[in-house]
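J.: okay, structure incoming, though there's no sequence with it:
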């Protein structure tokens, strides 16, 4: 399940890079998408094996134009099992994506479950969110966020 989600996200990113330039992109429009992702717990991101971990994601279009076909992707490292990605506007999580107006935001909740190693082990796990659209983005550096979460081993 973990690898499937990551593979689907990476495949979708690769396929999107091969899509023809849209009419909006050909006309010189651009939209600066930005993504923030925060852990919904208290203090530093930590979880014990078996616990569910929730992240809040916000996608913002800083403009100047509408971001056409905006899509959000989420993935996790091997110490997590992805559980759900729920978008306030479902189009953000599906193809062909959401047309996000300049200045607009859309939110999502990503849930994963810490898993799978023994007592007394501590590992770092990663949750990653990324966003893209078919509209040219002059600042792609703010389209991807990785949150590190410390996972504490199970009961042995």
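T.: Sure thing, it's come through. Predicted, not measured: the structure shown is a model, and the values here were computed from it.

J.: which stretches in this structure count as strands?
T.: Remark: strands assigned in the chain by DSSP state E are 31-39, 46-48, 52-64, 67-76, 80-87, 98-100, 105-114, 122-132, 144-152.

J.: show me what the fifth one is packed up against.
T.: Packing contacts for strand 80-87, counted by 3 or more CB pairs under 8 Å, 6 or more residues apart in numbering; DSSP states H and E, involve helix 2-18, strand 67-76, strand 105-114. (Glycine included, C-beta is placed from N, CA and C.)

J.: let's have the strands of the chain in JSON lines, adding mean neighbour count.
T.: Shown next, in JSON lines, are the strands of the chain (neighbours: other CB atoms under 10 Å):
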{"stretch": "strand 31-39", "mean neighbour count": "19"}
{"stretch": "strand 46-48", "mean neighbour count": "16"}
{"stretch": "strand 52-64", "mean neighbour count": "19"}
{"stretch": "strand 67-76", "mean neighbour count": "24"}
{"stretch": "strand 80-87", "mean neighbour count": "17"}
{"stretch": "strand 98-100", "mean neighbour count": "22"}
{"stretch": "strand 105-114", "mean neighbour count": "20"}
{"stretch": "strand 122-132", "mean neighbour count": "19"}
{"stretch": "strand 144-152", "mean neighbour count": "17"}
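
J.: got those strands as JSON lines, with distance to residue 138 and mean pLDDT columns?
T.: What follows is those, written out as JSON lines (distance: least, CB to CB, whole Å; pLDDT from 0 to 100):
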{"stretch": "strand 31-39", "distance to residue 138": "6", "mean pLDDT": "98"}
{"stretch": "strand 46-48", "distance to residue 138": "36", "mean pLDDT": "92"}
{"stretch": "strand 52-64", "distance to residue 138": "10", "mean pLDDT": "98"}
{"stretch": "strand 67-76", "distance to residue 138": "12", "mean pLDDT": "97"}
{"stretch": "strand 80-87", "distance to residue 138": "24", "mean pLDDT": "96"}
{"stretch": "strand 98-100", "distance to residue 138": "15", "mean pLDDT": "98"}
{"stretch": "strand 105-114", "distance to residue 138": "19", "mean pLDDT": "97"}
{"stretch": "strand 122-132", "distance to residue 138": "14", "mean pLDDT": "96"}
{"stretch": "strand 144-152", "distance to residue 138": "15", "mean pLDDT": "96"}
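
J.: quick one: residue 70 and residue 143 touch, right?
T.: No - if you go by CB atoms under 8 Å, residue 70 and residue 143 don't touch, sitting 10.3 Å apart.
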